[in-house]
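Undergrad: here are the coordinates; sequence isn't available:
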């Protein structure tokens with residue numbers, strides 16, 4: 001199990017604590033320090049079962065200033081998130097062939113069942 005984590009984010013810290021409460025060991029990957037590769041991000045999105053745009057943090061200033069309202073193809077969002085990893089929703093928890101966004105933290109239960 002891997003948790004893509006930002007320790008400065010309250011929701012991400014809550015997700016990590018929730019895993020620990022449930023007795024789950026997870027590899028912690030601080031994705032702002034250890035960036036996703038394009039293939040990794042595409043694989044995580046596929047495991048989440050969502051379009052790339054559904055992984056965006058649309059309240060981030062970078063999004064509002066540079067991308068809001070623009071006609072951007074789904075395939076382009078991956079490159080944009082690689083360039084601006086703060087736009088990636090967090091935490092993301094991956095277990096085998098499934099993944100969830102741990103917001104709210106109870107979403108993590110979908111991987112633990």
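TA: Perfect, thanks for sending it. Quick caveat, the model's predicted, so the values are computed rather than measured.
Undergrad: pLDDT at the residue lying closest to residue 30 once chain neighbours are set aside, what is it?
TA: Of all residues not flanking residue 30 in the chain, residue 5 sits nearest, at 5.7 Å (CB to CB, 6 or more residues apart in numbering). Heads up, the C-betas are built off the backbone N, CA and C, glycines and all. Listed pLDDT for residue 5 reads 97.
Undergrad: Kindly report the same for residue 113.
TA: pLDDT, residue 113: 76.
Undergrad: ok, residue 84 touching residue 61?
TA: No: assessed by CB atoms under 8 Å, residue 84 is found out of contact with residue 61, at 10.3 Å.
Undergrad: on that earlier part again, for the residue nearest to residue 30, give me its contacts.
TA: Contact analysis of residue 5 by CB atoms under 8 Å, 6 or more residues apart in numbering lists 12, 15, 16, 28, 29, 30, 31, 90, 91.
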